[in-house]
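[1] Have a look at this prediction, sequence included:
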Amino acid sequence: MAEHAAPEYATAEGNDYVSHEGTYEAFLHIAFIGSIHVINTVIGLCIGGAVHNWLVGCLIIFIVAPAALIQGIMSGTRTSSYVALAISAVALLLTAA
C-alpha cells in the first residue's frame, strides 16, 4: 500500500521539481500569449467582416498579431501581446465609429 505521509521533495532522488516548475511556467506563458493571439485574430476578422475594412483587419491579422506572438515566444515577455491587443482594440474602436 502507498504511504500517506507528506512527500519530501528535498530528499527524493532524481528530484527534478525545478524543471517541472519551469515547464509549467512555460506552458502558462504560451497559453497566455496564444490566447491573446486568438483574441487579436478575432478582432481583425471583426474589423474585416463586420465593419468591411479589410485593409485594417488584415493588417492586424497578418502583421501585428503574429509579430507579437513570435516576439512573445522568443523573448519570454508578455508586453508585446499587451501592445498588440491595445493596437487591435484601438483599431476596432476607430473603424467601428
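    Now that the structure is in, tell me what you want to look at. This is a predicted model, so every value here is computed, not measured. Numbers count the residues shown, from 1 in each chain.

[2] list the contacts for Met88?
    You called it Met, but residue 88 is Ser. Ile39, Asn40, Ile43, Gly44, Ile60, Val64, Ala65 (C-beta atoms under 8 Å, 6 or more residues apart in numbering). In this view, the C-beta of every residue, glycine as well, is placed from N, C-alpha and C.

[3] if we go to 6 Å?
    With contact set as C-beta atoms under 6 Å, 6 or more residues apart in numbering, Ser88 has these partners: Asn40, Ile43, Ile60.

[4] List only those of these flagged as buried.
    Those of those that meet the buried threshold are Asn40, Ile43, Ile60, by 16 or more other C-beta atoms under 10 Å.

[5] Please give the element, helix or strand, for the closest residue to the last one other than its chain neighbours.
    If I follow you right, that is Ile60. Spatial nearest neighbour of Ile60, excluding adjacent residues (C-beta to C-beta, 6 or more residues apart in numbering): Gly44 at 3.7 Å. With elements taken from DSSP states H and E, the one containing Gly44 is helix 17-49.

[6] Follow the chain on from that helix and name the next helix or strand.
    Downstream of helix 17-49, the next assigned helix or strand under DSSP H and E is helix 54-59.

[7] List of residues touching the next helix or strand after that next one?
    Next in sequence after helix 54-59, counting helices and strands by DSSP H and E, comes helix 65-75. Outside helix 65-75, the residues that touch it by C-beta under 6 Å, 6+ apart are Ile33, His37, Asn40, Thr41, Ser80, Ser81, Ala84.
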